[in-house]
Each structure stands twice: as C-alpha cells, then as structure tokens.
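Engineer: give me a 3D structure for the following:
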Amino acid sequence: MIPITPISPWYRDPVFCREEWETWFSNGVDKNEGGWNGILQANRAIFDPKGSWMFFTSNDFVNAYIDPGASKSWYLALVAGMCPVLYSAENAPC
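Structural biologist: Residues are numbered from 1 along each chain as shown. Presented below is the predicted three-dimensional model:
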C-alpha cells in the first residue's frame, strides 16, 4: 500500500486492491485516522479512480486527511493520471 506512486497499478493488482478494500474498509474509512485516509483513498484509485477522485474533491474534505508527507494536489494529480490507465478515454469516470 505504501508508497503510492504513478506506477502502483503495475505492481499492485487492481483485483487484489479491491478485495483488500472490501475486506478491511467496506464499512467505511474511519475519519479519525488522519493522514491514513489520504493514503487509503489514493490506493483506492487503483481500482476505483472515480471514488478516490470524489473523496479528494468533496466539499467535506479536510486537510487533516492527508499525511504530512503528501499534499492534496499530489493526490489529485495521481488519481487523475490513473483514470486513463484503467479505462479507455471514452469510458473514463473522472
């Protein structure tokens, strides 16, 4: 899960990532987890870039969701870059 990089979809299988998410976070991500929220949601982009994008662009988003070693702009760029990797341009969700 760490580090999350633009090549994460090549070394982290999207099917495994979805199974991992559904096993551990299907009831939601605890908002009190601070910086872990950003890391988890960025990893979510590997199998669900639209859901990840919606998290980072939500009106309810607070900067405390991002760990001190990252930034919202980094995560937005990362997630936006994953859309064409997983989908054809016509079907890209974000």
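Engineer: can you pull out the strands in the chain?
Structural biologist: Remark: no strands are assigned in the chain by DSSP state E.
Engineer: what's in contact with the lowest-mean-pLDDT helix or strand in it?
Structural biologist: None of the helices or strands of the chain scores lower by mean pLDDT, DSSP states H and E than helix 72-86, at a mean of 83. Residues external to helix 72-86 that are found in contact with it (CB atoms under 8 Å, 6 or more residues apart in numbering): 4-6, 9, 14, 38, 41-42, 45-47, 49-50, 52-53, 56-57, 61, 63, 66, 92-94. All C-beta atoms are positioned from the backbone trio N, CA, C, and that covers glycine.
Engineer: now list the buried members of those residues.
Structural biologist: Neighbour counting over the contacts of helix 72-86 (16 or more other CB atoms under 10 Å) leaves 4, 9, 14, 38, 41-42, 45-47, 49, 52-53, 56, 61, 66, 94 as the buried ones.
Engineer: in helices, which of those residues fall?
Structural biologist: 9, 14, 38, 41-42, 49, 52-53, 56 (DSSP state H).
Engineer: minimum pLDDT in the residues you listed, which residue is that?
Structural biologist: For those, the model is least confident at P9; its pLDDT is 82.
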